[in-house]
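Asker: sequence first, then the predicted structure, then my questions.
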Amino acid sequence: MSGHRRPSIYDRLQKRTAARQDKAPPAPRHFDTQSMAVAHAWLLGGFGDTDELVPGMPAPAGCDYTFDERVRNAADEFMGVYRIGTGRPAELAPGARARQLLEYALPGLLARGDRQAWGEGQIVLQHPAGTDPQAWLDTVLALWPARLQPRHGMHVTALTFDQWLRETLAASEGTIECYQFIAVTPLGLRPIRTGHPNGEALASLWLRRPTKEHAPGANTPHTAHCRLSLPGRHEHPPRHLTRRDDPALLERAVATALPQDDARQAIGALVWAGVTGGNRLDQLTALLQRDFPHLHWDTDVWSLQGLCGSMDTDTTPYQFAVALRLAEQRAGNTLVLDCRGDDTTVAMHLACAETATNPPPERGGRSLPPSTRTTGAPS
């Protein structure tokens with residue numbers, strides 16, 4: 001008989017305890033408080049996965065404008081919708097439909113980003129309207145593979161994306177460097193009164209906090225070359241009570257995100273929600289004519305409504321995903337302008353280096369569909 005003794009259960013437990021003790025918690029880091037480095041962003045909307053769409057090609061089957069006999073307006077008429085095709089009948093309860101969308105998109109969410117770096121980060125879930133935050137967290141935890149959950153776990157936030165970004169950047173010290181921000185907006189029964197079909201979307205944003213010891217966007221070899229600055233949020237009198245051709249309300253928000261004139265000249269594209277009522281379209285047109293005369297409606301101004309339909313929710317994560325796609329394609333800067341609120345305007349500046357320091361995403365380098373660039377463009 002060999003003198004070898006198989007380890008007992010106590011030996012194995014002692015080994016696991018020692019391993020946990022060896023892995024000490026990370027030391028707090030000193031972060032930049034003015035910007036986030038952007039590694040990648042992914043948008044799934046009513047026209048499908050924007051990474052898969054190229055000019056001149058139709059949208060993927062089942063991800064286009066359609067009618068749903070269960071969705072009707074106040075006159076009991078069928079409502080046209082932009083529905084994400086998940087391969088099975090769509091649920092109408094917000095929680096159930098959000099689960100469907102997340103389950104359908106999960107392979108794409110897990111395949112993105114540097115798994116080793118994001119394994120040390122945190123997933124931030126913007127819980128869908130009409131759902132309970134704890135119930136949504138339980139849903140995501142049940143679907144997300146346990147071995148791929150990040151070290152700092154998952155966190156549900158009720159903040160809009162720009163509010164969460166501002167609150168996160170306010171802390172100059174911390175242990176979390178990488179974030180995956182996931183937003184889901186399921187299509188519900190209640191029609192949105194914008195004159196545009198209802199839609200739904202899912203977006204995931206991979207963000208990294210630069211440390212003060214390194215330049216923003218270059219603190220590790222895995223960090224992308226795009227940088228999202230501190231967003232500007234401006235509260236003002238109701239825009240529908242102001243002059244139609246006065247861009248002052250928009251200019252104040254833009255001035256916060258772009259304080260220098262040369263920064264405005266470097267903007268190569270603008271992404272807005274696409275809601276045209278309440279003087280929004282006229283004031284946006286005046287803003288472009290005065291501060292961004294080099295931008296063209298047909299190529300440089302993009303409407304989220306044209307890609308995903310109308311959504312009665314925070315649309316800034318989805319706008320930002322489109323902005324990053326444009327920035328990657330053009331190697332230039334983009335501006336996100338959210339003027340959905342009657343008395344609030346949000347502006348976010350996405351700056352990109354002239355030369356990319358990383359290879360493009362595995363399905364990147366393609367253009368968004370030209371037929372959906374903008375909604376309500378002046379003739």
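Answerer: Alright, I've got the coordinates. Residues are numbered from 1 along each chain as shown.

Asker: is it true that Tyr104 touches Thr86?
Answerer: Yes. Counting by CB atoms under 8 Å, Thr86 is a contact partner of Tyr104 at 4.2 Å. From N, CA and C alone the C-beta is placed, and that goes for glycine too.

Asker: where does the stretch 101-250 of the chain dip in pLDDT?
Answerer: Counting by pLDDT under 70, the low-confidence segments of the stretch 101-250 of the chain come to 112-117, 188-195, 213-224.

Asker: helices along that one, start to end?
Answerer: 115-118, 133-143, 161-169, 248-257 (DSSP state H, counting those that start in this stretch).

Asker: again with the stretch 251-379 of the chain
Answerer: 261-265, 280-291, 297-300, 304-308, 316-330.

Asker: could you dump the ones you listed to CSV with mean pLDDT?
Answerer: Converted to CSV, the helices of the stretch 251-379 of the chain look like this (pLDDT from 0 to 100):
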stretch, mean pLDDT
helix 261-265, 84
helix 280-291, 92
helix 297-300, 86
helix 304-308, 84
helix 316-330, 89
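
Asker: ok, which of those comes nearest Leu141?
Answerer: helix 316-330 (20.7 Å; CB to CB).

Asker: that closest one vs helix 161-169, what angle?
Answerer: Using axes from the mean of the first three to the mean of the last three CA atoms, to 10 degrees, the inter-axis angle of helix 316-330 relative to helix 161-169 is 80 degrees.

Asker: could I get the buried residue list for helix 316-330?
Answerer: 316-329 (16 or more other CB atoms under 10 Å).

Asker: from Arg99, how far off is Gly87?
Answerer: Going from Gly87 to Arg99 by CB to CB, to the nearest Å gives 14 Å.

Asker: oh, I was asking about Ala37
Answerer: For Ala37, the distance to Arg99 - CB to CB - is 31 Å.

Asker: more neighbours: which of these two?
Answerer: Neighbours were tallied for Ala37 and for Arg99 using other CB atoms under 10 Å; the higher tally belongs to Ala37 (26 against 22).

Asker: is it true that the more buried one touches Pro210?
Answerer: Yes. Between Ala37 and Pro210 there is a contact at 5.3 Å, judged by CB under 8 Å.

Asker: excluding its backbone neighbours, what's nearest the residue sitting nearest the centre point of the chain?
Answerer: Closest residue to the average C-alpha location of the chain: Pro317 at 2.6 Å, with CA atoms, centre = their mean. Of all residues not flanking Pro317 in the chain, Ala183 sits nearest, at 4.0 Å (CB to CB, 6 or more residues apart in numbering).

Asker: ok, back up a step: show me what contacts the residue nearest to the centre of the chain?
Answerer: Counting by CB atoms under 8 Å, 6 or more residues apart in numbering, Pro317 makes contact with 126, 161, 181, 183, 203, 205.

Asker: repeat that for Leu287.
Answerer: For Leu287, the contacting residues are 247, 250-251, 254, by CB under 8 Å, 6+ apart.

Asker: repeat that for 6 Å
Answerer: Listed by CB atoms under 6 Å, 6 or more residues apart in numbering, the contact set of Leu287 reads 247, 250.

Asker: check the gap between it and Asp162 for me.
Answerer: Counting by CB to CB - Leu287 and Asp162 are separated by 19 Å.

Asker: next, the angle from the longest strand anywhere in the chain to helix 161-169.
Answerer: Counting by DSSP state E, the longest strand found in the chain is strand 35-45. Computed with the same axes, to 10 degrees, the direction of strand 35-45 lies at 150 degrees from that of helix 161-169.

Asker: partners of strand 35-45 in the sheet?
Answerer: strand 48-49 (antiparallel), strand 201-208 (antiparallel), strand 226-229 (antiparallel) (DSSP bridges).

Asker: report the buried residues of the second one.
Answerer: For strand 201-208, burial by neighbour count (16+ other CB under 10 Å) applies to 201-208.

Asker: now do stretch 136-155
Answerer: Applying 16+ other CB under 10 Å to stretch 136-155 flags 136-137, 139-140, 144, 150, 152, 154 as buried.

Asker: any idea how far Gly87 lies from Gly199?
Answerer: From Gly87 to Gly199 the distance is 18 Å (CB to CB).

Asker: these two: which is more packed in?
Answerer: Shown here are Gly87 and Gly199; by other CB under 10 Å, Gly199 has more neighbours (26 against 8).

Asker: next, count neighbours for the residue lying closest to Glu200 once chain neighbours are set aside.
Answerer: Nearest non-adjacent residue to Glu200, counting by CB to CB, 6+ apart: Leu187, 3.9 Å away. Number of residues near Leu187 (other CB under 10 Å) recorded here: 26.

Asker: correct me if wrong: Leu187 contacts Leu202.
Answerer: No. The pair Leu187 / Leu202 is not scored as a contact, 11.3 Å apart, by CB atoms under 6 Å.

Asker: now do the contacts for Gly268.
Answerer: Neighbours of Gly268 in contact, by CB under 6 Å, 6+ apart: 330, 332.

Asker: give me the pLDDT for it.
Answerer: Here the pLDDT value assigned to Gly268 is 92.

Asker: repeat for the one 4 residues further on
Answerer: Confidence at Trp272, expressed as pLDDT, is 93.

Asker: how much space between Gly199 and Ala37?
Answerer: 30 Å.

Asker: across the sheet, point out what pairs with Arg208.
Answerer: Ala37, Cys178.
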